[in-house]
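Show me how the following folds:
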Amino acid sequence: MLHAPGLMMRSMQNLVLLAVIGIGCGGEQAEDEYITPAGIDEAGLAEEKSDSVNGVGLDIKGRLSCGLRVDGGTRPGRFNGYTVEATAGQRPDLAVRTSAAGRVLVYGPRTSGGWGRLLASQWSRKDASGFSARVRWTAQAAGTYLVAVGTYAPRTLDYSVDLAFEGQTCWHVALHWYTSCGTPVCFETQPPPAGVPVCTADQMLGTSCGTEGQRCLPPGGLDCGRTLVCMQAQPTLCPRSSARYKQGINYLDAAEKARFYSELLGIKLATYKYNFGPMDQPDRLGFIIEDTRSEVALDPSKTQVDVYGYASMAVAALQVQAQQIDDLKTEVKRLQQQVSRATRPRARP
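Purely as a prediction, here's the structure:
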C-alpha cells in the first residue's frame, strides 16, 4: 500500500486513476496514469535503508543477462529490482513489456554508499499489443547498475525485460548444444580435453541450454579434442592462430619458404567427381593425396587434406614470389641506370 502523505492532497480523480487500469476514451490509457504521485522521491527509491522507502517497496530479484528474457510480477505498490553489469562507455538497452502502465527506473553505478543516482526513468505506454518501454543509458563507469520495474498503483504488475547492449546482437538468442571446433590439428591418438565434465542426460547435441560457453563431453567422447558447447550457432571459424594455443613457434626463413614453394609447385591439380553422390554432381578442383609427398598439406593419418597447412603453403609461395619480383625490380632499375649512363652524350673537350 502507498502511505505517502502527499497522495492525500491529490484530487479524487487522480486517486481513482491510480487504482483503476485502462480508464479513458475508447478504453485507452488516460494520460494521468503516467504521472508519478506527489510525495514519491524516485531518486531515493533505490537507497538501501529499509524494506519500504517513501511508501513504495523495492525487492531485489536477481540479475539481467544479455539476451536472456526475465519475466516476473510485482506486488501492489512495489518495484522489483535487477542488477546489470556494465563497463565504462557501454550502452545498455532495455526492452520492457508490462501488463499495465508501469514505471522503469535505472540507478548506478553502485558504491559503498548505495545504488547511486537516478540515471533514467520512463513509463511503459500502451501500444498495439499491451504496454512497452525502451530505456537506454550510457554507463559512465564500470560497475553494477540497478533496473527497477513496478507500479505506484495498488495493483500487481506483470512484466518481461530483455537486456541488450548497443552494438551487440542478443535479443531472444536461443542457446543450443553444438560441437566445438576442437584442436587445430587432429592426432590419431588424442586424449579428451582436461577438466570438461561428462554431459548429463539432457545435454545432447541440438537440445537447448542456458549458459553460453558451457562445455561437456558426450559419453564415448568426440574426436580431435572436440566437445559439446552451449552457443548461439554452430562454430565455423575454427582454426586457432593465437600464440596462446601453440608452442614451439618457429618463423620460416627464406630457405624454408623456398622449400614449401617448391613442394607447392610439385602438387598436381586435377578436376574430379566423388564416388558417392549424384551422377550429375559438378566437377571439383583439388589434388589427389597419393600424388603429393608434402606432409604439411595432409593430416597425420594421410587420409585427409589439412586445409590450414595447405593454405599456409600457398602464403609461403606468395611471399617467395613477392621477394623474387622485388629482386627483379631492383635488377631492372640497376640495368636502366647503366644503360642511361652508357648512352648519355659526352661533353666535348
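
Please make it C-alpha for all contacts and neighbour counts, starting now.
Will do.

I figured residue 205 hits residue 228, correct?
Yes: using Cα atoms under 8 Å, residue 205 makes contact with residue 228 at a distance of 7.0 Å.

quick one: which of these two has more around it?
residue 228 (27 against 14; other Cα atoms under 10 Å).

Quickly list what's touching both of residue 205 and residue 228.
Taking Cα atoms under 8 Å, 6 or more residues apart in numbering as the contact rule, residue 205 and residue 228 both touch 177, 178, 179.

Output stretch 317-336 as CSV, restricted to C-alpha atoms.
Provided in CSV are the C-alpha atoms of stretch 317-336 (Å, rounded to 0.1, in the frame of the first residue of the first chain):
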residue,chain,number,x,y,z
ALA,A,317,54.8,-19.4,-52.1
LEU,A,318,53.3,-15.9,-52.4
GLN,A,319,56.0,-14.4,-50.2
VAL,A,320,58.7,-16.1,-52.2
GLN,A,321,57.3,-14.8,-55.4
ALA,A,322,56.9,-11.3,-53.9
GLN,A,323,60.6,-11.3,-53.0
GLN,A,324,61.5,-12.5,-56.4
ILE,A,325,59.5,-9.7,-58.0
ASP,A,326,61.2,-7.1,-55.7
ASP,A,327,64.6,-8.5,-56.7
LEU,A,328,63.7,-8.3,-60.4
LYS,A,329,62.5,-4.7,-59.9
THR,A,330,65.8,-3.8,-58.3
GLU,A,331,67.8,-5.5,-61.1
VAL,A,332,65.8,-3.8,-63.8
LYS,A,333,66.3,-0.4,-62.2
ARG,A,334,70.1,-1.1,-61.9
LEU,A,335,70.3,-2.1,-65.6
GLN,A,336,68.2,1.0,-66.6
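
List of residues touching that stretch?
254, 257, 258, 260, 261, 264.

6 Å - rerun?
residue 261 (Cα atoms under 6 Å, 6 or more residues apart in numbering).

would you list every one of the strands in the stretch 1-150 of the chain?
Applying DSSP state E, counting those that start in this stretch to the stretch 1-150 of the chain gives strands spanning 52-53, 56-63, 70-74, 78-86, 92-98, 103-108, 117-123, 125-127, 130-136, 143-150.

Output these as JSON lines; include the columns mean pLDDT.
Listed next are the strands of the stretch 1-150 of the chain as JSON lines, based on pLDDT from 0 to 100:
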{"stretch": "strand 52-53", "mean pLDDT": "40"}
{"stretch": "strand 56-63", "mean pLDDT": "80"}
{"stretch": "strand 70-74", "mean pLDDT": "88"}
{"stretch": "strand 78-86", "mean pLDDT": "90"}
{"stretch": "strand 92-98", "mean pLDDT": "91"}
{"stretch": "strand 103-108", "mean pLDDT": "92"}
{"stretch": "strand 117-123", "mean pLDDT": "91"}
{"stretch": "strand 125-127", "mean pLDDT": "86"}
{"stretch": "strand 130-136", "mean pLDDT": "90"}
{"stretch": "strand 143-150", "mean pLDDT": "92"}
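
Turn these into JSON lines, columns for distance to residue 158.
Rendered in JSON lines, the data for these read as follows (distance: least, Cα to Cα, whole Å):
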{"stretch": "strand 52-53", "distance to residue 158": "20"}
{"stretch": "strand 56-63", "distance to residue 158": "14"}
{"stretch": "strand 70-74", "distance to residue 158": "4"}
{"stretch": "strand 78-86", "distance to residue 158": "11"}
{"stretch": "strand 92-98", "distance to residue 158": "6"}
{"stretch": "strand 103-108", "distance to residue 158": "12"}
{"stretch": "strand 117-123", "distance to residue 158": "14"}
{"stretch": "strand 125-127", "distance to residue 158": "14"}
{"stretch": "strand 130-136", "distance to residue 158": "11"}
{"stretch": "strand 143-150", "distance to residue 158": "9"}
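
Can you add distance to residue 323 and mean neighbour count and give those back as CSV?
Converted to CSV, those look like this (distance: least, Cα to Cα, whole Å; neighbours: other Cα atoms under 10 Å):
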stretch, distance to residue 323, mean neighbour count
strand 52-53, 75, 18
strand 56-63, 57, 18
strand 70-74, 59, 16
strand 78-86, 49, 22
strand 92-98, 50, 21
strand 103-108, 58, 24
strand 117-123, 59, 18
strand 125-127, 66, 17
strand 130-136, 54, 19
strand 143-150, 52, 24
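
list the contacts for residue 287?
With Cα under 6 Å, 6+ apart, residue 287 has these contacts: 269, 270.

oh, I was asking about residue 96
Taking Cα under 6 Å, 6+ apart, we find residue 96 in contact with 132, 133, 160, 161.

in the sheet, who's paired with the second one?
The one in question is residue 133. residue 96 (DSSP bridges).

Where do the strands of the stretch 151-300 of the chain begin and end?
Under DSSP E, counting those that start in this stretch, the stretch 151-300 of the chain gives strands at 157-165, 176-179, 215-216, 228-231, 270-272, 284-286.

packing partners for the third one?
When you say that, I think you mean strand 215-216. With contacts defined as 3 or more Cα pairs under 6 Å, 6 or more residues apart in numbering; DSSP states H and E, the packing partners of strand 215-216 are strand 228-231.

And for the strand it packs on, what's in contact with it?
175, 176, 177, 178, 179, 180, 212, 213, 214, 215, 216.

hang on, the earlier thing: format the shared contacts of residue 205 and residue 228 as JSON lines; extra columns: distance to residue 64, pLDDT and neighbour count.
Formatted as JSON lines, the shared contacts of residue 205 and residue 228 follow (distance: Cα to Cα, whole Å; pLDDT from 0 to 100; neighbours: other Cα atoms under 10 Å):
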{"residue": "177", "distance to residue 64": "22", "pLDDT": "87", "neighbour count": "26"}
{"residue": "178", "distance to residue 64": "25", "pLDDT": "88", "neighbour count": "21"}
{"residue": "179", "distance to residue 64": "27", "pLDDT": "87", "neighbour count": "20"}
